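Visitor: Sequence plus predicted model, see below.
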Amino acid sequence: MSEVMLPISADALHYRTLLFELSKPVIIPADKFNEIWPYIDSVYKALRGEVLQCNGILRVQKYECRLRKSTKSSTAKVATEGKIIKRRHSSIRDKHLCHVQIKVSKPVDGTAVTIERLDDSHMHTHDIEESFRIKKPSSERLGELGGSSLKRQDIVNLKRGMKSSDLRTLPHGQQFQDDVLQAYSLLVERGWLFEELQILDSKKEERWGLVFAHPTRLLILQRRGWFTQFDATHKLNRWGHNMFSFLVRNEHNVWIPTAHLVVERENGEIIAEGLRHIKQWCSVQNRNLCEHAVTAAIGIDNTGNTAKYIQTYWLQTASKWAMYARQHSPLLLQVTTTNACEAWHRKLKSGAGLSKEQAASHGIYGMILNIIDAAKDVDNRAAVAKTNFRNRKLTVCTKQYPEIGQLPVPIQKLLAVELDAVADRIAKGKEVPDFDENLRCQCKFHRQYLLPCRHIFHLDTEVKVLTTARWKTSLMMNGGV
């Protein structure tokens with residue numbers, strides 16, 4: 001095994017001894033510290049958390065020797081109510097066998113790291129092999145670091161902790177590239193917008209992503225963007241990449257998948273980059289229309305006062321207009337779950353023939369093909385909902401009042417509740433309300449919708465007040481519903 005592994009550098013072994021003895025402060029580069037610390041971290045144990053010093057430009061972490069053992073060991077739980085509390089076989093180590101404490105100072109800018117003792121009067125009362133016997137170092141090179149303390153179970157534990165290769169860390173493999181190119185061809189063929197994302201995050205790590213959307217569904221996002229939900233799911237492709245879906249509820253109460261984002265991992269920076277592209281696709285047309293409307297308004301003004309007001313308080317706050325739209329609708333605050341996204345993701349997994357906890361065997365191309373097919377089903381359902389919204393007539397309403405059939409289905413459902421309430425009022429023996437010739441009721445329903453309420457319907461059972469002319473007036477007042 002050692003023949004195929006790179007040898008431990010002489011520097012690492014040298015610094016391991018140097019940081020154990022620590023006869024004087026040691027200053028080393030940050031990258032060198034990160035390389036050698038796994039070879040020595042079993043000797044020391046962190047004390048409390050890391051703190052900022054020197055006005056926030058220095059991060060300081062204090063450590064103690066593990067044989068110092070300042071923390072109290074846990075004890076076995078006492079059996080209660082006849083329950084047997086099992087406890088693994090272990091022994092509590094003696095404390096205060098060593099008194100060494102050290103301090104590691106790391107500048108925020110990532111330059112040299114300083115390691116020094118807190119009290120120069122104390123030296124280790126044991127050798128480094130004794131520390132390895134208590135706890136193995138983080139480095140996987142156990143045999144070369146602590147040979148005499150190595151046990152058979154240590155090798156078993158090490159093998160168990162070794163992970164197989166993660167396909168998400170191989171975004172530049174040839175198979176992955178071929179899969180992505182095939183997906184691009186599919187998106188171009190079907191007329192979808194897409195953009196490949198490649199950025200370096202704050203940790204200087206490469207991040208890959210792919211954002212794609214259909215232009216027709218983006219129009220819904222432009223109109224109804226303040227109703228957007230988005231959530232991620234996994235196991236939709238063989239590479240293990242996560243897929244975000246952006247769903248918008250249209251005017252007919254159907255959630256439409258308007259855009260999608262595939263990312264290597266759920267990294268905030270790559271997600272923000274994808275959102276910028278989606279915003280750019282949606283904002284070009286809206287911005288042009290808004291600017292055209294503002295220019296036209298300025299041209300109409302003859303005095304110049306209105307034009308000055310528009311230029312100051314409209315054009316200079318254009319970036320905030322979307323926020324005004326979001327704050328305008330209280331319905332946004334009423335959507336407290338992501339059930340729509342969860343249902344969409346279940347549909348995708350069902351379309352791919354995946355059972356629970358099963359991962360897809362296809363790549364990005366197969367995933368996008370599945371999304372395209374599933375989105376067509378949603379479009380068909382949205383078309384049916386749009387047709388029913390205006391053309392469907394509820395028998396419970398139109399049987400008594402045919403004029404109600406001219407209203408949208410959601411309004412018909414509201415009036416159906418009011419009609420059912422009339423029977424309850426009559427059964428309870430309530431008096432017939434009396435109104436003036438304008439039929440203005442002070443109940444919440446009538447004031448909210450300007451439509452006949454249960455009280456007016458109750459009166460109509462005795463005296464025919466809801467004439468065809470009255471319905472026509474009511475429908476004209478609610479023409480924008």
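Guide: Arrived safely.
Visitor: which residues in the stretch 301-450 of the chain form helices?
Guide: Counting by DSSP state H, counting those that start in this stretch, the segments of the stretch 301-450 of the chain that form helices are 305-313, 321-328, 339-351, 364-391, 395-398, 409-427, 444-449.
Visitor: Go through those and name the closest to I115.
Guide: I115 sits nearest to helix 364-391 of all these, at 46.4 Å, using CB to CB. From N, CA and C alone the C-beta is placed, and that goes for glycine too.
Visitor: Report the angle between the closest one and helix 339-351.
Guide: Counting by axes from the mean of the first three to the mean of the last three CA atoms, to 10 degrees, helix 364-391 lies at 130 degrees to helix 339-351.
Visitor: which strands and helices sit next to helix 364-391?
Guide: Here helix 364-391 is seen to pack against helix 174-190, strand 255-263, helix 339-351, helix 409-427 when contacts are counted using 3 or more CB pairs under 8 Å, 6 or more residues apart in numbering; DSSP states H and E.
Visitor: And the helices of the stretch 301-450 of the chain: which comes nearest N237?
Guide: With CB to CB, the closest approach to N237 among these belongs to helix 364-391: 4.5 Å.
Visitor: coming back round to it: please produce JSON lines containing the helices of the stretch 301-450 of the chain, extended by mean pLDDT.
Guide: JSON lines is the format used below for the helices of the stretch 301-450 of the chain (pLDDT from 0 to 100):
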{"stretch": "helix 305-313", "mean pLDDT": "75"}
{"stretch": "helix 321-328", "mean pLDDT": "50"}
{"stretch": "helix 339-351", "mean pLDDT": "93"}
{"stretch": "helix 364-391", "mean pLDDT": "93"}
{"stretch": "helix 395-398", "mean pLDDT": "84"}
{"stretch": "helix 409-427", "mean pLDDT": "92"}
{"stretch": "helix 444-449", "mean pLDDT": "89"}
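Visitor: Including distance to F246, could these go into TSV?
Guide: Written out in TSV, the entries for the helices of the stretch 301-450 of the chain read as follows (distance: least, CB to CB, whole Å):
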stretch	distance to F246
helix 305-313	31
helix 321-328	15
helix 339-351	9
helix 364-391	12
helix 395-398	36
helix 409-427	25
helix 444-449	32
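Visitor: Out of the ones you listed, which gets nearest to F435?
Guide: Among the helices of the stretch 301-450 of the chain, helix 444-449 comes nearest to F435, with 10.2 Å by CB to CB.
Visitor: Switch the helices of the stretch 301-450 of the chain over to CSV, and while doing so, append distance to P29 and mean neighbour count to every line.
Guide: Listed next are those as CSV, based on distance: least, CB to CB, whole Å; neighbours: other CB atoms under 10 Å:
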stretch, distance to P29, mean neighbour count
helix 305-313, 54, 12
helix 321-328, 46, 12
helix 339-351, 46, 17
helix 364-391, 40, 16
helix 395-398, 79, 15
helix 409-427, 67, 15
helix 444-449, 70, 14
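Visitor: Let me see the contact set for A416.
Guide: Contacts for A416 (CB atoms under 8 Å, 6 or more residues apart in numbering) come out as L394, V396, C397.
Visitor: can we see that at 10 Å?
Guide: Contacts here follow CB atoms under 10 Å, 6 or more residues apart in numbering; on that basis A416 touches L394, T395, V396, C397, I404.
Visitor: Same check on R66?
Guide: With CB under 10 Å, 6+ apart, R66 has these contacts: 42-45, 93, 97-98, 100, 126, 130-131, 134-135.
Visitor: which of those are buried?
Guide: Among the contacts of R66, the ones that count as buried by 16 or more other CB atoms under 10 Å are S42, V43, Y44, K45, C98, V100, H126, E130, S131.
Visitor: so which one among those has the lowest pLDDT?
Guide: Of all the buried ones among the contacts of R66, S131 has the smallest pLDDT value, namely 77.
Visitor: Now do the SS call for that residue.
Guide: What DSSP: H, G, I helix; E, B strand; the rest coil gives for S131 is helix.
Visitor: Spatially, and excluding backbone neighbours, which residue is closest to it.
Guide: Nearest residue to S131 in three dimensions, chain neighbours excluded: V43, at 4.3 Å (CB to CB, 6 or more residues apart in numbering).
Visitor: which residues touch that neighbour?
Guide: Under the criterion of CB under 10 Å, 6+ apart, the contact list for V43 reads 16, 19-20, 63, 65-67, 98, 100, 102, 124, 126, 128, 130-132, 134-135, 137.
Visitor: what's the distance between it and L22?
Guide: Distance, V43 to L22, using CB to CB, to the nearest Å: 10 Å.
Visitor: do the same with Q222
Guide: Between Q222 and L22 the computed distance is 63 Å (CB to CB).
Visitor: Same check on I92?
Guide: Between I92 and L22 the distance is 28 Å, computed by CB to CB.
Visitor: hang on, the earlier thing: any chance of the contacts of A416 in TSV with distance to D436 as columns?
Guide: As requested, the contacts of A416 are exported to TSV (distance: CB to CB, whole Å):
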residue	distance to D436
L394	30
T395	32
V396	29
C397	26
I404	23
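Visitor: Going by distance to Y313, which of the residues you listed wins?
Guide: Out of the contacts of A416, the one with the shortest distance to Y313 is I404. That distance is 43.5 Å, counting by CB to CB.
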